[in-house]
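Participant: this one's structure only:
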Ligand code: WTA
């Protein structure tokens, strides 16, 4: 892990700080006192947050950690997640409040009130029940960013079915393997989605995946685009079947530890991990963090989280946290540059968005496009800005603050993971004086430390590995079907700590700086992709003998995928150009377009240790155009010369 320390040494000390305005402080949901409150009685603090939800049966114990690392939170409690996200707001007199302000990419708009949302969720719950789905069954959701996606997730939660949302940019093969791993009974999808001004068909990928998935009995299809699709005997139209259901449905209360969803994420091996989340603890933490970190005022705020529901951010901060808190939120279907590069700013002005939550990669893209796009709009409705998914560099943070926030909005840089379920490290907007680029400190109720190789917590001014020192309510409860992998991945380096896989530094003031992954996971535009997964995809192509993949620093996407490929005998004659294109497309077919390498270099050899482990560090030097570092551990030190020679003769860029 020498690299971690080198990075740390290079990190400059950041001295700028931005305290919240006195006006923001006066009105803030959270005050500094909650840090002390949580410290004095951590479990009592969480119990209090949990009681902000509606429990059908109260819990008798806050945390059962006797079977660590398998936690049980709010033991004995029973609740229904969909009831908490929808019905209770209608019953408390807010049925006419708009829950979702949907805007499609072509410009179609629809407002959905909490009462309408309740009707739709009840109808969908009745529909999936009629299709044979019951509590504990798995349902795969492969959908665009349309309100039905939210309804589908809530309908599953309502009947206790476990949803597995698969990002609609994933390939048929990626969808099939996730359906198979979870043995999903039902797939919910749409005919297509609007992307960049045209219709992208979704159903063909589902058809292909379902043809090879004997567990699937039905496919429920939303008609979004009206594009031509094939129709099979398992297929059911949403607008016929769901629309005709009764809007009455009595929610059943489920145990606090009843599974709520599986979400697949990349790990350090080729096989994605099905991260398992459960009911009471998850809903407690996502609603608590959404309320204190975003300072949500349900009667006046218009919230917009730009994530896709295919990622955990969409689960926790579009669906569960916000709806549990009675949010009014914008959901936008399309891309930020359709029809023009000002689409987001136009949306913010028209909908009066007050809280924006997005990713550094988007911020850097907007910086590149130019200030004139946001500056043409009135963004003064904004009062709080959030960032998530990867480290935000200080320049991007400052741009976000001044150009988007008009120097008037606190920025919350929120660190968390698919595994943590909810935010863990973040400023509190009415309390923390923030530093540009720092996630600052653990939220009240969360235990965090930066440790060295031996697991010893480090003091200020030092860097090492980020660990979580205490169980937390929204923590993953395991990996679907593979509990040993759960233990090995997160709890084996130091059995007393959860190892996050990130490097981090505490500066001299104790502020936390995230330094990126220390394992073989890349972070491309905030999406986690494992090097091994892309390598497996490349090697599955008949021309490829071996592949090594690294994440190289990239100005816009954080990291970019760079692949080094050795061809099978007989293929060397090719000048590479056609093949490189073919290989990139092959990766898109195997995994999805997000995993397409930016660059593929055809090389004669790969740098390996004597035990055969590829030294990615050296390849990273090449990919980032640095002079190659220490190569003395190579089995054959001449290999790096061969690679350089090979690069000169092969076509590198596509
Ligand atoms: C990275 C996304 C720096 C980190 C919610 C983590 C971040 C991985 C931040 C999880 C942040 C997320 N600053 N890095 N504010 N937020 N990360 O599972 O490397 O898609 O381990 O969850 O993203 O990615 P995931």
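Facilitator: Nice, I can see it. Keep in mind that this is a model prediction, so the values were computed, not measured.

Participant: next one: residue 250 from residue 124, what distance?
Facilitator: Distance, residue 250 to residue 124, by Cβ to Cβ, to the nearest Å: 15 Å. C-betas here are computed from N, CA, C, even on glycine.

Participant: name the residues of the stretch 251-400 of the chain found near the ligand, please.
Facilitator: With Cβ under 6 Å from any ligand atom as the criterion, the stretch 251-400 of the chain comes near the ligand at residues 265, 311, 312, 313, 388, 389, 390, 391.

Participant: report the beta-bridge partners for the residue of the stretch 151-300 of the chain at minimum distance from the ligand.
Facilitator: Residue of the stretch 151-300 of the chain nearest the ligand, by Cβ to the nearest ligand atom: residue 265 (5.3 Å). Here residue 265 sits in beta bridges with residue 273, going by DSSP bridges.

Participant: average model confidence for stretch 302-310?
Facilitator: Average pLDDT, stretch 302-310: 97.

Participant: ok, now stretch 89-105?
Facilitator: pLDDT averaged over stretch 89-105 gives 98.

Participant: if we go by neighbour counts, what in it is buried?
Facilitator: 89-90, 94-95, 97-105 (16 or more other Cβ atoms under 10 Å).

Participant: which of the residues you listed fall in strands?
Facilitator: Within the buried residues of stretch 89-105, residues falling in strands by DSSP state E are 98, 99, 100, 101, 102, 103.

Participant: and of these, the nearest to the ligand?
Facilitator: residue 100 (21.7 Å).

Participant: you'd agree the closest one is up against residue 121?
Facilitator: No - when contacts are counted by Cβ atoms under 8 Å, residue 100 is not listed as touching residue 121 (11.8 Å).

Participant: so which bits of this structure are right by the ligand?
Facilitator: Applying Cβ under 6 Å from any ligand atom, one finds that the chain approaches the ligand through 265, 311-313, 388-391, 413-418, 439, 500-502, 514, 517, 523, 528.

Participant: change it to 5 Å
Facilitator: Counting by Cβ under 5 Å from any ligand atom, the residues of the chain close to the ligand are 388-391, 413, 415-418, 502, 514, 517, 528.

Participant: pLDDT score assigned to residue 557?
Facilitator: For residue 557, the predicted pLDDT is 93.

Participant: wait, what's in contact with it?
Facilitator: Residues near residue 557 by Cβ atoms under 8 Å, 6 or more residues apart in numbering: 361, 524, 525.

Participant: ok, back up a step: in strands only, show me the residues of the stretch 251-400 of the chain next to the ligand.
Facilitator: Using DSSP E, these in strands are 265, 388.

Participant: nearest to residue 294 among the residues of the stretch 251-400 of the chain next to the ligand?
Facilitator: Within these, proximity to residue 294 (Cβ to Cβ) peaks at residue 388, which comes in at 11.4 Å.

Participant: any idea how far residue 506 is from that closest one?
Facilitator: Counting by Cβ to Cβ, the gap from residue 388 to residue 506 is 21 Å.

Participant: and those two? Which one has more around it.
Facilitator: Comparing residue 388 with residue 506 by other Cβ atoms under 10 Å, the one with more neighbours is residue 388, at 26 against 21.

Participant: once you drop chain neighbours, what's closest to the more buried one?
Facilitator: Of all residues not flanking residue 388 in the chain, residue 414 sits nearest, at 4.9 Å (Cβ to Cβ, 6 or more residues apart in numbering).

Participant: which SS class is that neighbour?
Facilitator: Remark: residue 414 carries the secondary structure label strand [criterion: DSSP: H, G, I helix; E, B strand; the rest coil].

Participant: residues in contact with it?
Facilitator: Contacts of residue 414 (Cβ under 8 Å, 6+ apart): 289, 293, 386, 387, 388, 423, 425, 426, 439.

Participant: now swap in residue 334 and tell me
Facilitator: Residue 334 sits next to 104, 105, 145, 194, 195, 196, 343 when contact means Cβ under 8 Å, 6+ apart.

Participant: where do the helices sit along the stretch 351-500 of the chain?
Facilitator: Taking DSSP state H, counting those that start in this stretch, the helices of the stretch 351-500 of the chain run over residues 360-369, 372-375, 394-399, 483-490.
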